[in-house]
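> Requesting a structural model of the entry that follows:
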Amino acid sequence: MTKRVAGYKRVSTTLESQETSMVAQEDLFIKTIVDRGWTLVEIYSDSLTATKGNRPGFEKMVRDAKEKKFDVIIAKELSRLARNIGTSADFKKIIMSNDIDIITLDGAIDTTKGDVSKYGLYAWIYEEESRRTSNRIKTSFRTSAEKGRYLKGEAPYGFDVSDGKLYPREDDSVSVVQLIYKMYLEGHGRDSIAKYLTSQMVETPAMSKGKKNAGTVWHGTTVMVILRNRHYIGDLEQCKETSKDITLVGRKKLKESVVVENTHEGIISRADYFSVQDMIKNRGLKTLGRATPKKSLFGDLLYCSDCSSKFWFIKKSKTYFCGGYKKHGTSYCSKHKIKEEELIEVIKADLRKYASDNANQEQIHALIEKRVKKLETKSKQFEKSYEMKKAKHKDAKGNLILRYTGGDITKSEYDLASEVLDNQMIELEKQMAKLIASENDVSLKKSFEYLKSQLTSYGDFDEITREVLNRFISKVVVSENETIEITYKFSV
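From the prediction side, this is the model:
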């Protein structure tokens, strides 16, 4: 009986230079089929990596295999079918359960001769080869990043890129970036900024780069990308994430990004950038990236010491009242208030004192350094603990597998114990992710340093604006007797 044959060809990119490889693979298939007197059913093809899914040609071939449309699959080598051990194993089960053979033209695999022992070995070899290639590429990228070379092909909004270096554009985009930072520091939220830019018919980043079908509407997410981008102060921050694995779709954050300072001319001052990062951080997870609405000068900064409610601003009298009382009455909290003018004078006096008193400045700077060192010590301690717990988890998991395969425990006991260990590791990974996020958020370590220079840069603090409050104050608490407790960002 003449065997019905399916061929599978694949290249890892869609470049035109790979077309000759596709043609060559097809020629090999046809020659083999003709020489053996077999019948060609179909040649399936893909132009994507074989370490991940999403290969329509491969998936169609699998569906046809289940319907037994052919008897043999031929490929140039096993790596063309899959460099992923999991995919290779699943594919092997499907074809063997449907009595389909595999032949690779490099001579490694030929199940028509009854030998499938090398299938798993070659699958592992090809996956490891892909992993080593991927690691070499990542190392090369990181080395280039450490040398201060801009790696992405497209420059951030407001910049041009030439020979691996960023240059501020000679158009309005630079002033737009500066406006975005200024508005955020003044208290506008990202959506409010986006709405304003759209209303002023400011070109969107896509429009400024001449992209086809570019939208004319600014979005809050676009504003936030600009506010978080360290490139705007003249530093390069790259290699912040990487692929999870060659066999998986998706990316993960790296513990340490590559930061090289002063690689190009900045658009935004360091003081402004790190103040913005601190503001973003302080909004918390639920309101991440949204600045305080500009409803009143002290909006979202003023709290009641008795019921912890936010104060409400009455515009007519320019007075703040306890929000708990205003909403629920005297059964909830007392009717206490504070004049906006009084708050302004207290804060103005404090900041003037801090800025002019050298002794106080030295004390503040010492506290800032202490807080930075405390954060760094805490991070190092957790990292050490994390590595120890990770090693213990690996040993425990290995011992558990040995006990199961040795027959000491049942499958259900193994599954239960394995789940407990995995849940512990998941929780540990979550804690590590939080640490990585705090380390990547440069404001935690850097914003304090810039407060030093900012204290003196405002001179006599003749005017207390929302921008000043956002830079220096975290919270203001008012009691019933109008005692004011201010938490400054440079306090410990």
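> tell me the secondary structure for K335?
Reduced to three states with DSSP: H, G, I helix; E, B strand; the rest coil, the structure at K335 is coil.
> quick one: contacts for it?
Each residue near K335 by CB atoms under 8 Å, 6 or more residues apart in numbering is listed here: F321, C322, Y325. For every residue, glycine as well, the C-beta is placed using N, CA and C.
> From S45, how far out is T39?
19 Å (CB to CB, to the nearest Å).
> Ignore what I typed, I meant K394.
Where S45 is concerned, K394 sits at a distance of 41 Å (CB to CB).
> Comparing the two, which shows the higher neighbour count?
Just comparing K394 and S45: by other CB atoms under 10 Å the higher neighbour count belongs to S45, 19 against 12.
> Quick check: which element contains that one?
Counting by DSSP states H and E, the element that carries S45 is strand 39-46.
> Output the contacting helices and strands for that strand.
Counting contacts by 3 or more CB pairs under 8 Å, 6 or more residues apart in numbering; DSSP states H and E, strand 39-46 packs against strand 4-10, helix 19-36, helix 56-66.
> State the paired neighbours of that strand in the sheet, together with their directions.
Sheet pairing here is set by DSSP bridges, and for strand 39-46 it gives strand 4-10 (parallel).
> Need the contact partners of the partner strand.
For strand 4-10, the surrounding residues in contact (CB under 8 Å, 6+ apart) are 22, 25-26, 29, 33, 38-48, 50, 55, 57-58, 61, 64-65, 69-76, 80-81.
> Now a PyMOL select for only the buried ones of these.
The following PyMOL line selects those of these that are buried, judged by 16 or more other CB atoms under 10 Å:
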select buried, resi 22+25+29+33+38+40+41+42+43+44+45+46+47+48+50+55+57+58+61+64+65+70+71+72+73+74+75+76+80+81
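> Around V468, how many other residues sit close by?
V468 has 19 nearby residues by other CB under 10 Å.
> likewise E203?
Applying the criterion other CB under 10 Å, we find 17 residues in the vicinity of E203.
> So what's the gap between the strand holding S45 and the chain middle?
Using CA atoms, centre = their mean, to the nearest Å, we find the averaged C-alpha position of strand 39-46 to lie 41 Å away from the chain's own average C-alpha position.
> Number the chain from 35, please
Noted, 35 is the first residue going forward, which turns the last one into strand 73-80.
> tell me the mean pLDDT for it?
Taken as a whole, strand 73-80 has a mean pLDDT of 86.
> per-domain residue ranges of the chain.
According to automatic domain parsing, the chain is divided into the following domains: 38-172, 184-316, 336-522.
> Next, the distance between the ends of the longest one.
By CA to CA, to the nearest Å, the extent of domain 336-522 from end to end equals 13 Å.
> So what's the gap between it and the chain middle?
Centroid separation between domain 336-522 and its chain, computed with CA atoms, centre = their mean, is 21 Å.
> Also the shortest one?
For domain 184-316, the distance between its averaged C-alpha position and the chain's averaged C-alpha position is 14 Å (CA atoms, centre = their mean).
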